[in-house]
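Student: I would like the atomic coordinates for the input below:
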Amino acid sequence: MDEELLQSQKEIVMMLTILAKRGIVKSALIQEMDAVGFPQKRIAELLNTTSNTVNVALNRAKKGKRK
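Tutor: Numbers count the residues shown, from 1 in each chain. Below is the predicted model:
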């Protein structure tokens, strides 16, 4: 893989991690990652959280859509 592309990907991951840690986009990010097929366990690993947190966020999002 091209070094410049790899560096860009690393920077994107770092930015998303910072936003997620601050709670700015965590719920939305979890929903989007789930929508494109990321397994809950992998989402948790990438966002440095637990599978339970991911599951709760997805369940709350689904409940919110039903109302």
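
Student: name the helices or strands packed onto the longest helix along the chain?
Tutor: Across the chain, the longest stretch assigned as helix under DSSP state H is helix 3-21. Packing partners of helix 3-21 (3 or more Cβ pairs under 8 Å, 6 or more residues apart in numbering; DSSP states H and E): helix 26-35. Placement of C-beta: from N, CA and C, glycine included.

Student: let's see 10 Å
Tutor: helix 26-35, helix 40-46 (3 or more Cβ pairs under 10 Å, 6 or more residues apart in numbering; DSSP states H and E).

Student: Worst mean pLDDT among those?
Tutor: Of all the helices and strands packed on helix 3-21, the minimum mean pLDDT falls on helix 26-35 (a mean of 88).

Student: quick one: that one to helix 3-21, angle?
Tutor: Here helix 26-35 points in a direction 130 degrees away from that of helix 3-21 (axes from the mean of the first three to the mean of the last three Cα atoms, to 10 degrees).

Student: Just the CA coordinates for helix 26-35, please, in CSV.
Tutor: Presented in CSV, the C-alpha positions along helix 26-35 are these (Å, rounded to 0.1, in the frame of the first residue of the first chain):
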residue,chain,number,x,y,z
LYS,A,26,-19.9,7.7,19.1
SER,A,27,-23.6,6.8,18.7
ALA,A,28,-23.9,7.9,15.1
LEU,A,29,-20.6,6.2,14.3
ILE,A,30,-21.7,3.0,15.9
GLN,A,31,-24.9,3.1,13.8
GLU,A,32,-23.1,3.8,10.6
MET,A,33,-20.5,1.1,11.2
ASP,A,34,-23.3,-1.4,11.9
ALA,A,35,-25.2,-0.3,8.8
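
Student: In it, which residues are buried?
Tutor: Lys26, Ser27, Leu29, Ile30, Gln31, Met33, Asp34 (16 or more other Cβ atoms under 10 Å).
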